[in-house]
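Chemist: Any chance you could fold what I've pasted below:
(2 chains, ligands or ions: 3)
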Amino acid sequence: MKYTTFNQQSTNPLIEPMFFGNPVNVARYDQQKHAIFEKLIEKQISFFWRPEEVDVSRDRVDFQKLTDPEKHIFISNLKYQTLLDSVQGRSPNIAFLPIISLPELETWVETWSFFETIHSRSYTHILRNLFSDPSEIFEDIVVNDEIKRRAADISKYYDDLIFATQLWQTQGEGVHTVNGVAHTINMYELKKKLYLCMNSVNALEAIRFYVSFACTFAFAERKLMEGNSKIIRLIARDENLHLSSTQHILNLWAKGKDDPEMAQIAEECKEEARAIFMNAVEQEKQWADYLFQNGSMIGLNKEILCQYVEYIANQRMSAIGLDTPFEISSNPLPWMNNYLNSDNVQVAPQESEISSYLVGQIDSAVSEDDFADFEL
Amino acid sequence: MSSNDKSLRIDVVDVGAIISPSDSTILNALEAADVHIHYHCREGFCGACRTKLIEGEVEYTTDPLAFIDDDEILPCCCVAKCPLKIKVPL
Ligand code: FES
Ligand SMILES: [Fe+2]
Ligand SMILES: [Fe+2]
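Modeler: Ligands and ions are numbered 1, 2, ... in the order given. As a prediction, this is how the structure comes out:
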């Protein structure tokens, strides 16, 4: 089905599925099939922040004090996060928008992606402060084998879905040969690719950031690189919200609350979905290995970091109806909770004095009297 | 509205029973009783505190945005309406 930017047919978005129904026409939010997405949009917008509001200048001094293994840990994590947000800043838009059928979901995806671009811009803000020329760091992201391996796994499912959607929207269902390779395009195959892609995005935001978050907050526990930590806390708050959205999508499908065919696919592809998650867990553990290859940092080592990944993975796998495959039953890094508490992010800019920090946190309490003079 | 002169018993599986002031979020009540469970946002959008509600009923003080199943609650943003039995993420 050809994509149109304004579908001229009258549709009823209250009965459309989230994906692969009719293209959206009117961007209206007065009525919603899945109200959760409208609520997520509101929440996300209320989080608005700018990297420039966070003063990272003291980090430059701290960075010079780090040992070489610690510098490796710090910079490698920034590279990996830069990769993740490079992918997330564009991919949900390109992969999902052409096949979304609900206005509230369409706008959620756009809002989500926009915040990923804030994350990307914040890495430049951090690195510019540390190095007069950060090019070398950015350029390494495309050539570093450790990062590349992860990039391939992360972008694979998006790329598959995008390519299949392009074939479908330009040539329709059937077998299409492109550069000598035959591609079978039908609704079932498309939906399956969408399902796997959503699982991959879910796993990405559920666990792929957490090794890096843990290192950042372990530095902050030692009062080091606190500007960076402040930014990562803002990013982590956004990521938790993004994660909620893909958990909702996966559960709406699995519980038969959206598209019945997706419920069937969720059942059929459960093992594949699980494998995507387990592979992400494995890669995160290998990442911990790579980070600590030159030596650990105070407060963290590879073992405890891997346990934390398993702990988080159990939690997040059970949220999408999977089993909890790991033994670990209590949080090995309880101090992490503090840094992921959104209250701390908003109201308590303790360590570094940042007066502009609360920009964007506008009091939305409006009393009846405020409207007394209004006549509509 | 609930008043704070009322306290409710919360049975926490594998941990023991605590007494919660009826106007305190369940997460705060647990922490006051030295039961430390997993949390991130404390605002109902991340799901880190997702807890099984085995018995009883809760009331949300903030609209929960994180995904929860029918038999689950987010203790960071709800209060107990009656005595509860719950299983928490430690
Ligand atoms: S701590 Fe985030 S939902 Fe309860
Ligand atoms: Fe991000
Ligand atoms: Fe994200």
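Chemist: how far away is the residue in the stretch 251-376 of chain A positioned nearest to chain B from B:Val35?
Modeler: For the stretch 251-376 of chain A, the residue closest to chain B is A:Leu340, as judged by C-beta to the nearest C-beta, at 3.8 Å. The C-beta positions use only the backbone N, C-alpha and C, and glycine is treated the same way. Distance of A:Leu340 to B:Val35, given as C-beta to C-beta, to the nearest Å: 19 Å.
Chemist: Just want to know which of these two has more residues nearby.
Modeler: Between A:Leu340 and B:Val35, counted using other C-beta atoms under 10 Å in any protein chain shown, the more crowded position is A:Leu340 (23 against 16).
Chemist: Which pLDDT value does the model give A:Thr11?
Modeler: Confidence at A:Thr11, expressed as pLDDT, is 89.
Chemist: Same check on the one 3 residues further on?
Modeler: According to the predicted model, the pLDDT of A:Leu14 comes to 91.
Chemist: Surely it is in contact with A:Lys33?
Modeler: Yes. Using C-beta atoms under 8 Å, A:Leu14 is in contact with A:Lys33, at 5.1 Å.
Chemist: okay, these two: which has more neighbours?
Modeler: A:Lys33 (21 against 10).
Chemist: That one in helix, strand or coil?
Modeler: Three-state call for A:Lys33 (DSSP: H, G, I helix; E, B strand; the rest coil): coil.
Chemist: Same check on B:Ile10?
Modeler: strand.
Chemist: Burial check on it, number of neighbours?
Modeler: Neighbour tally, B:Ile10, other C-beta under 10 Å: 24.
Chemist: what's the distance between it and chain A?
Modeler: From B:Ile10 over to chain A the distance is 19 Å, taken as C-beta to the nearest C-beta, to the nearest Å.
Chemist: thought that residue was touching B:Ile26?
Modeler: Yes. Counting by C-beta under 8 Å, B:Ile10 touches B:Ile26, with 6.8 Å between them.
Chemist: Residues that sit against both of those two, list them.
Modeler: B:20, B:80, B:84, B:86 (C-beta atoms under 8 Å, 6 or more residues apart in numbering or on different chains).
Chemist: Which strand or helix spans the closest residue to ligand 3 within chain B?
Modeler: Using C-beta to the ion, the closest approach of chain B to ligand 3 is made by B:Cys46 at 12.5 Å. Assigned by DSSP states H and E, B:Cys46 belongs to neither a helix nor a strand.
Chemist: list the contacts for it?
Modeler: Neighbours of B:Cys46 in contact, by C-beta under 8 Å, 6+ apart: A:240-241, A:243-244, A:340, B:40, B:66.
Chemist: Please apply the same query to B:Ile54.
Modeler: Contacts of B:Ile54 (C-beta under 8 Å, 6+ apart): B:13, B:71, B:85-87.
Chemist: Narrow those residues to just the buried residues.
Modeler: The neighbour-count criterion (16 or more other C-beta atoms under 10 Å in any protein chain shown) marks B:86-87 among these as buried.
Chemist: from the contacts of B:Ile54, which two are the most distant?
Modeler: For these, the farthest-apart pair by C-beta to C-beta is B:Val13 and B:Asp71; their separation is 13.1 Å.
Chemist: any shared contact partners between the two?
Modeler: Common neighbours of B:Val13 and B:Asp71 (C-beta under 8 Å, 6+ apart) are B:52, B:54.
Chemist: residue ranges for the helices of chain B, please.
Modeler: Listed in chain order, the helices of chain B (DSSP state H) span B:26-32.
Chemist: distance of the residue of it found nearest ligand 2 from A:Leu241?
Modeler: Distance from ligand 2 to each residue of chain B (C-beta to the ion) is smallest for B:Cys46, at 14.4 Å. Going from B:Cys46 to A:Leu241 by C-beta to C-beta gives 7 Å.
Chemist: Ok, A:Leu340 next?
Modeler: Using C-beta to C-beta, we find A:Leu340 at a distance of 12 Å from A:Leu241.
Chemist: swap in B:His36?
Modeler: Distance of B:His36 to A:Leu241, computed by C-beta to C-beta: 24 Å.
Chemist: Between those two, which is the more surrounded one?
Modeler: More crowded of B:His36 and A:Leu241, by other C-beta under 10 Å: A:Leu241, with 24 against 15.
Chemist: which residues touch the more buried one?
Modeler: A:Leu241 neighbours (C-beta under 8 Å, 6+ apart): A:40, A:43-44, A:47, B:45-46, B:65.
Chemist: Looking at the residues you listed, which are in strands?
Modeler: In strands, judged by DSSP state E, none of the contacts of A:Leu241 are found.
Chemist: Quick check: of those residues, which has the highest neighbour count?
Modeler: B:Phe45 (28 neighbours).
Chemist: wait, doesn't it sit right on A:Lys43?
Modeler: Yes. With contacts counted by C-beta under 8 Å, B:Phe45 reaches A:Lys43, the gap being 5.9 Å.
Chemist: Pull up the overlap in contacts between those two.
Modeler: A:241, B:65.
Chemist: what about the closest residue in space to A:Ser101 that isn't next to it in sequence, neighbour count?
Modeler: Counting by C-beta to C-beta, 6 or more residues apart in numbering or on different chains, A:Gly21 is the residue found nearest to A:Ser101 once chain neighbours are left out, at 3.4 Å. Around A:Gly21 there are 19 other residues, counting by other C-beta under 10 Å.
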